[in-house]
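Asks: Fold the following, please.
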Amino acid sequence: MTTSAMISLLLVLTASCFVVDGFTVNYRRHQRKSRADAHIENFDRRAVPLAFIASSLSVTALSSPALAEPQELRALGTTAPPPEGETPFSTLPSGVRTKDFKDGSGETVSVGSTVSIQCSGRLLNLNGVAFYNTKNNNVDGFGPTPLTFKMGSGVALPGLEEGIVGMKKGSIRRIIVPSELGYSSFPGLEPKPTNTIDQKALDSVVMNPRRDATLLFDVKLEKLK
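Replies: Sure thing, here's the model as predicted:
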């Protein structure tokens, strides 16, 4: 074989290698692209049912009876009659509303009385989120310590005091306090939240002038003197 023939053969073989290598590279690129497309397609297929499941769970959660607003709160501020067999709220001249759940016995609370109460407080603007409960006030580990104060001494919220007037030992009463007789006008008075989370919940309403700071208290009178 002549020198020129050998050179021609080498050129042909080299060109063939480039073609083969180019085909190999392109083929590998095609494989990678196909796998990537397959991943995207599989992700899309998974995403659709997951999104559907998430939306279904959201709808279920919103419609769950467990999250439904309490009947007492739904009827608040309406003129609709209470459910059959239930006592309606009584409204005081100040706007405080009360409803008795259990009668007590003995003397009645008046201005100047010293009372000890078990009490829970909720925020109506936040669908009844609790911000206070004497059950959380268990300092010595022997049970919840009642909230004790003298009526008219300026220790407790005026609206709460008004609602307590007339209660007897052992009685249980629900008291709705308008914002002007609550923390909006009298910050720092009892009942005070016993932990940071409850305080933040209360502040989120009281410190926001666009929110209604109406309060709901459930009170049991333990002691009176």
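Asks: can we go C-alpha only for contacts and neighbour counts from here?
Replies: OK.
Asks: how about low-confidence regions in this protein?
Replies: Confidence mapping of the chain against pLDDT under 70 gives the ranges 1-86.
Asks: which residues of it fall in strands?
Replies: In the chain, the strands defined using DSSP state E lie at 90-91, 97-102, 105-108, 114-123, 129-133, 147-150, 168-169, 172-177, 215-224.
Asks: Can you tell me which of those strands is packed in deepest?
Replies: Looking across the strands of the chain with neighbours counted as mean count of other CA atoms under 10 Å, the highest average goes to strand 172-177: a mean of 24.
Asks: Residues in contact with that one: which ones?
Replies: Contact with strand 172-177 is made by 95-104, 159-160, 163-164, 167, 214-221, as judged by CA atoms under 8 Å, 6 or more residues apart in numbering.
Asks: run the last query once more with 6 Å
Replies: Identification of contacts with strand 172-177 by CA atoms under 6 Å, 6 or more residues apart in numbering yields 96-102, 159, 163, 214-220.
Asks: next one: stretch 149-159
Replies: Here stretch 149-159 has contacts from 111-115, 177, 181-182, 189-190, using CA under 6 Å, 6+ apart.
Asks: Can you point out the buried residues in that stretch?
Replies: 149-152, 156-159 (16 or more other CA atoms under 10 Å).
Asks: picking up where we left off before, for the contacts of stretch 149-159, which one is nearest N127?
Replies: Ranked by distance to N127 (CA to CA), the contacts of stretch 149-159 are led by V177 at 15.1 Å.
Asks: give the contact list for T114.
Replies: Counting by CA under 6 Å, 6+ apart, the residues that T114 touches are 149-150, 224-225.
Asks: likewise L202?
Replies: Taking CA under 6 Å, 6+ apart, one finds nothing in contact with L202.
Asks: Please apply the same query to V115.
Replies: Here V115 is in contact with 148-149, 223-224 (CA under 6 Å, 6+ apart).
Asks: JSON lines for those, including distance to D203?
Replies: Shown next, in JSON lines, are the contacts of V115 (distance: CA to CA, whole Å):
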{"residue": "T148", "distance to D203": "23"}
{"residue": "F149", "distance to D203": "23"}
{"residue": "K223", "distance to D203": "30"}
{"residue": "L224", "distance to D203": "31"}
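Asks: What count of nearby residues applies to S171?
Replies: A count of neighbours around S171, defined by other CA atoms under 10 Å, yields 17.
Asks: Find the nearest non-adjacent residue to it, please.
Replies: G104 (4.0 Å; CA to CA, 6 or more residues apart in numbering).
Asks: contacting residues for the one you found?
Replies: Neighbouring residues of G104 by CA under 6 Å, 6+ apart: 168-171.
Asks: all helices in the protein, in order from the N-terminus.
Replies: For the chain, the helices defined by DSSP state H occupy 3-63, 71-74, 158-164, 196-206.
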